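Colleague: fold the following and give me the result.
(one chain, ligands or ions: 3)
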Amino acid sequence: MSSQQYLDISSVLAGGYHHPLLRNYQARGRTLNKDMLMYPIFITDDPDAEVEIPTLPGQKRWGVNRLEAFLKPLVAKGLKSVILFGVPLDLEKDECGTHADSDVTPVVQGLKLLSKLFPKLLLAADVCLCEYTNHGHCGVPSSYTKNGKHVSRTHGNGIYSDANPLVDSSTLPQENSASTAESAHTKASSTSHSSAATFTPAPNFLNGAPHLDPTASANRIAEVALSYAKAGAHIVAPSDMMDGRIKAIKIKLIEEGYANRCGLMSYSAKFASGLYGPFRDAAGSAPMAGDRKCYQLPPFAKGLARRAINRDAMEGADILMVKPSLPYLDIIQDCATLQPDLPTACYQVSGEYAMIYAGARAGVYDLRQMAEETVGSMIRAGASIILTYFTPEFLDWLDSEPLAH
Ligand SMILES: NCc1[nH]cc(CCC(=O)O)c1CC(=O)O
Ligand SMILES: [Zn+2]
Ligand SMILES: [Zn+2]
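Modeller: Ligands and ions are numbered 1, 2, ... in the order given. You can find the predicted model right below:
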C-alpha cells in the first residue's frame, strides 16, 4: 500500500490563500463594485440648506440648490445611483401627506433637477408618507378627528379600487368633543407645521397607533410613486409596508404609461428595527403616537419575510429589498434564493452606519475594514445592490490600494 493513501489531502486549506490575491480569488467574484452602490440622500425644502445630521455623522440634509456641488465630485468618482428621501421642514403636514407629491416637494424638485444635471445617474426615489403626514405614520388613517369633526373612510371592497373618498361623518356618533378638541390643540402645538388633527388608536392595537386603511394607503402611495416617475425617477421604492401597494403602484404605472420607464424596487422585508433612529432624526419622520409594529415585520419573523418577498415578486416588483441588512443576512439569502430571477437589494440602514462609525471612533476597529467586512457579508448572502451611507467612502476605497482582508 502506498503511503499516499494515508495522507489526508483535504485537510490542507492554508496553502490556497496566503497571498492577498489568492485571498481575493476565494471571493469568486462576489466583491463590491461601484455599480452595486446606491447612495441615500436627504433633500429638504430649504433650497439652500446644507445641514449636518448629528446622529448620522458625515451625512447632511441638502437643499436643491446645493445638489450639484454635492454630487458632481461623487459622480466624477463613479457614483452610479442615488435614492432620494424628502425632508419637509416647512411644508404643512396633513392626514394623507399632500406634500409627498406636490410641485413644491423637495423630492419632485430634486428629481427634475438631477435628471438634467446628471442624465446618466440612476435616480431612485423612496416613496412613503411618514415624512409628510401629521401623524407620522406610513399610510392613511381610517379615521381621525379634525376641527371637532370625526372623519372616517368608507371601506372599499378591493384594495386596488380608486381611493375611497373621505366621508364627513358628523352625523355619526361623536366622541367626547371637549377632550378631542383639547388633545387636538396639544398635538398641533407639538408639531408646529401640522394642521390640528387627532388620531384615535385602533381599539385592538396594543401599540397606540391608528388603524391605517390599506386601500386608501396603497392608492395614495401609488399616486405619489407616479408623480416621482413623472418627475424623472428611474426607480420608485415604496418603504411604507402597506399591503397591496406593489400591485397598486404597478397598475398605476401601467395605466399612466410609465411602467416601461420606471422600475419598482420594493422594500419587501422591512423589519420593525431599532436601527432606524438616526434616519427618523434626519427625516423628521418619527410616528406621533404608537410605533410601526402594525406594518413592519417582527424581527424574528423569517416566515413572514419570505411570504412578503414572494408576494411582492408576484405583485410586480422589479427589485426586492431587505432592510436592515447586517442582522438579517439570512433573509437576504432567502430573498436571493426564493426569487433568483430578481435582483436582491439590501439597505445598510442609518443605525448600522452609525454603529460602525461610532465603534471606529471609539477605537474598537478600523472603519474601512468594518465597512468592507459588513458589506461583504451582504454580498456573500446574495445582495447585488447595496444602499449605504458609506457610498462616498467606498468610491474612494475602490479607487485606492485594496485593503488586505
Ligand atoms: N418609511 C420610512 C423609512 N424609509 C427608510 C427608513 C430607514 C432608513 C434608515 O434607517 O437609514 C425609514 C424609517 C422607518 O421606517 O421608520
Ligand atoms: Zn414611512
Ligand atoms: Zn378601509
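Colleague: burial count for the residue in the stretch 1-150 of the chain positioned nearest to ligand 1?
Modeller: Nearest to ligand 1 in the stretch 1-150 of the chain, going by CB to the nearest ligand atom, is C128, at a distance of 3.8 Å. Heads up, the C-betas are built off the backbone N, CA and C, glycines and all. By other CB atoms under 10 Å, 26 other residues sit near C128.
Colleague: what of the one 4 residues further on?
Modeller: Other residues within reach of Y132, judged by other CB under 10 Å, total 24.
Colleague: what of L21?
Modeller: There are 9 residues near L21, going by other CB under 10 Å.
Colleague: who's in contact with the nearest residue to R261 once chain neighbours are set aside?
Modeller: Setting aside the residues directly before and after it, R261 is nearest to A229 in space (CB to CB, 6 or more residues apart in numbering), at 6.8 Å. Neighbouring residues of A229 by CB atoms under 8 Å, 6 or more residues apart in numbering: V236, L253, E256, Y258, R261, C262.
Colleague: whichever strand or helix holds A229 near ligand 2 at all?
Modeller: Here A229 sits within helix 214-231, counting by DSSP states H and E. No - Helix 214-231 does not reach ligand 2 (CB under 5 Å from the ion); its nearest approach is 9.6 Å.
Colleague: buried subset of the contacts of A229?
Modeller: Those of these that meet the buried threshold are V236, L253, Y258, C262, by 16 or more other CB atoms under 10 Å.
Colleague: which among those residues gets closest to ligand 2?
Modeller: V236 (13.9 Å; CB to the ion).
Colleague: specify the local secondary structure of that closest one.
Modeller: Secondary structure, DSSP: H, G, I helix; E, B strand; the rest coil: V236 is strand.
Colleague: beta-bridge partners for it, please?
Modeller: A125, L264 (DSSP bridges).
Colleague: quick one, what contacts it?
Modeller: Counted by CB under 8 Å, 6+ apart, V236 has contacts A124, A125, V127, A225, Y228, A229, I249, L253, C262, G263, L264, M265.
Colleague: who's R153 bridged to?
Modeller: L166.
Colleague: could you count how many residues lie near the residue lying closest to A233 once chain neighbours are set aside?
Modeller: In space, and not counting its chain neighbours, A233 is closest to A125: 4.2 Å by CB to CB, 6+ apart. By the criterion of other CB under 10 Å, A125 has 29 neighbours.
Colleague: before we move on, the earlier item: quick one: the residue nearest to R261 and ligand 3, what's the gap?
Modeller: 26 Å (CB to the ion, to the nearest Å).
Colleague: near G232, how many other residues are there?
Modeller: G232, neighbours per other CB under 10 Å, totals 19.
Colleague: ah, wrong one, I meant L22
Modeller: 11.
Colleague: tell me which element it falls in.
Modeller: Assessed by DSSP H and E, L22 sits inside helix 20-25.
Colleague: average pLDDT for that helix?
Modeller: Averaging pLDDT along helix 20-25 gives 88.
Colleague: name the helices or strands packed onto the helix or strand just after that helix?
Modeller: Once helix 20-25 ends, the next helix or strand along the chain (criterion: DSSP H and E) is strand 37-44. Helices and strands touching strand 37-44, by 3 or more CB pairs under 8 Å, 6 or more residues apart in numbering; DSSP states H and E, are strand 60-63, helix 67-76, strand 81-87, helix 106-117, strand 122-127, strand 385-388, helix 391-399.
Colleague: brilliant, that's me finished.
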